[in-house]
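J.: Just need the structure, nothing else, for what follows:
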Amino acid sequence: MLNHVIAISDLLDNPSVDGHAVADHLAGLAGGTGIKPEVSTVTGDRGSTDFVKVVVPGTSGKTAGGAAPTLGVIGRLGGIGARPEIVGLVSDADGAVSALSVAAKLLVMAARGDRLAGDVIVATHVCPDAPTLPHEPVPFMDSPVDIATMNAYEVGDDMDAVLSIDTTKGNRVVNHRGIALSPTVKEGYILRVSEDLLSVLATVTGELPVTYPITIQDITPYGNGAHHLNSILQPATATTAPVVGLAITAASAVAGCATGASHEADIAAAARFGLETAKAFGDGTLHFHDQTEFRHLVSLYGSLAHFQTLGMQRSGKE
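T.: Below is the predicted model:
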C-alpha cells in the first residue's frame, strides 16, 4: 500500500495535475479487467475541480447481479493544493491520496485475480489550486465547489455504507498522530462506535484503537451557520446509509493548507483500513451499525433526519 501512496502523492504534487491524469494512472493498474475510472469536471464560483470515481466490481456484488453490500470509500477534502498562494501538496490532500490508494490496490488485486465479494466505489476530487478558508485554531482548505456538489458526485444511492477519509488535524479535539475513528452516523443519529471497525483499526495499526468525539453540529450540512470539526461527516447529510469518518490526525493543530505535513505511513494505514473494511463488509462479516438497535431507537424517539437538512429557518419554514 505504501508504494501506491508514494506514487499517488508524487502524481498529485503537480500544479498541472487533473482528474484525467489520475484516471489514466488507475486505468494502467487495472490490466485486462476493463475497469475504467470516470472523471467529471465541475466549475464553481471559485474555480473548478475534477471528480474521480472508480467502481471495482465484486464477485457477488450488485454489478454482477448479486446481493453482497457495496462500500463507498470517499476521499474528502477541499483541495490537494492552494496554488498560487501556497506551493506544494497540502495536508488536506491526505484524504484523496488515501482513497485513491485504496482504489489503486483494489485494481491491482483485481488484475491479479483477487476479487472481493462486494462492489467498492471510490470517489474523490482533484484540485491543485483550491482557495483557503479562515478557521480556528488554524486555517482550512476551501473548495471551488460547495459541499452539496461534492456529495452529489461522491455519495451514491448504491452505497450501503460509507467510509469518509479526511485529514483532521486542524483542531484540539483529537490529539493523536495516526488515524482515528468516529462513531457511526445514520440519518441524524450519532450511534455507538462500531466494534467491528474498532477491530479492523486495531489490526491495521497494531495499537489500541483511537476514536474521536463528534457533535450534532458536525453531522449537519455546511451552510447552517454552525461550527463543524471539518467536512469528514458531510457525506452523512446526503444518504440514509451509515457513515463513518476515518480521520488522519496529528498531535498538534496543523493547518489544512500546510505543506510538508503529510506522513506517508499514516496515509497508508488509513488506506489499509479502507481495504480491510471493504473485504469484511462485502462478505458480510463487518457491520457499521446494529440495525435492530437503530430501528429500536427510531421507534422510541422518531426520525432525526431533519439534522440532515439546513434546518427550519434556513429552509424558509417556520
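J.: how far away is the nearest residue to residue 45 once chain neighbours are set aside from residue 50?
T.: Distance criterion Cβ to Cβ, 6 or more residues apart in numbering; nearest residue to residue 45, sequence neighbours excluded, is residue 144 at 7.6 Å. (Glycine included, C-beta is placed from N, CA and C.) Distance of residue 144 to residue 50, computed by Cβ to Cβ, to the nearest Å: 11 Å.
J.: thinking again about what came up before, quick one: contacts for the residue nearest to residue 45?
T.: Going by Cβ atoms under 8 Å, 6 or more residues apart in numbering, residue 144 touches 43, 44, 45, 46, 47, 48, 49, 79, 127, 130, 131.
J.: quick one: pLDDT of it?
T.: Looking at residue 144, its pLDDT reads 92.
J.: residue ranges for the helices of the stretch 51-200 of the chain, please.
T.: Assigned by DSSP state H, counting those that start in this stretch, the stretch 51-200 of the chain shows helices spanning 94-112, 147-154, 195-205.
J.: Mean neighbour count, those: which tops it?
T.: Burial of these is given as mean neighbour count (mean count of other Cβ atoms under 10 Å); helix 94-112 ranks first at a mean of 26.
J.: Now render the helices of the stretch 51-200 of the chain as CSV, adding mean pLDDT and distance to residue 16.
T.: Below are these laid out as CSV (pLDDT from 0 to 100; distance: least, Cβ to Cβ, whole Å):
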stretch, mean pLDDT, distance to residue 16
helix 94-112, 98, 16
helix 147-154, 96, 22
helix 195-205, 98, 34
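J.: Output these as JSON lines; include the columns distance to residue 175.
T.: Converted to JSON lines, these look like this (distance: least, Cβ to Cβ, whole Å):
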{"stretch": "helix 94-112", "distance to residue 175": "17"}
{"stretch": "helix 147-154", "distance to residue 175": "26"}
{"stretch": "helix 195-205", "distance to residue 175": "16"}
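J.: so which of the ones you listed comes closest to residue 227?
T.: Closest approach to residue 227 among the helices of the stretch 51-200 of the chain (Cβ to Cβ): helix 147-154, 14.7 Å.
J.: ok, and what's touching the closest one?
T.: 40, 42, 44, 51, 53, 72, 74, 76, 123-125, 143, 221-223, 231, 234-235, 237-238.
J.: With stretch 253-260 instead?
T.: 78, 82, 85-92, 132, 137-141, 167, 169-172, 230, 261.
J.: Can you tell me which of those residues are buried?
T.: Neighbour counting with 16 or more other Cβ atoms under 10 Å marks 78, 82, 86, 88-92, 132, 138-141, 167, 169-171, 230, 261 as buried within the contacts of stretch 253-260.
J.: that older thread, what about the helices of the stretch 51-200 of the chain, which gets the closest to residue 217?
T.: Short answer: helix 147-154, nearest of these by Cβ to Cβ, at 14.1 Å.
J.: From the contacts of helix 147-154, list the buried ones, please.
T.: 42, 51, 53, 72, 74, 76, 123-125, 143, 221-222, 231, 234-235, 237-238.
J.: For residue 185, list the residues it contacts.
T.: 191, 214, 219, 233, 236, 242, 243, 244, 245.
J.: Just the CA coordinates for the helix or strand residue 25 falls within, please, in PDB.
T.: If you go by DSSP states H and E, residue 25 is part of helix 19-29. Output of helix 19-29 as PDB, limited to C-alpha atoms (Å, rounded to 0.1, in the frame of the first residue of the first chain):
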ATOM      1  CA  GLY A  19      -8.600  14.100 -12.800                       C
ATOM      2  CA  HIS A  20      -7.700  12.700 -16.200                       C
ATOM      3  CA  ALA A  21      -4.100  12.100 -15.200                       C
ATOM      4  CA  VAL A  22      -5.300  10.300 -12.100                       C
ATOM      5  CA  ALA A  23      -7.800   8.200 -14.100                       C
ATOM      6  CA  ASP A  24      -5.100   7.300 -16.500                       C
ATOM      7  CA  HIS A  25      -2.800   6.200 -13.700                       C
ATOM      8  CA  LEU A  26      -5.600   4.000 -12.200                       C
ATOM      9  CA  ALA A  27      -6.600   2.600 -15.600                       C
ATOM     10  CA  GLY A  28      -3.000   1.500 -16.100                       C
ATOM     11  CA  LEU A  29      -3.200  -0.600 -12.900                       C
END
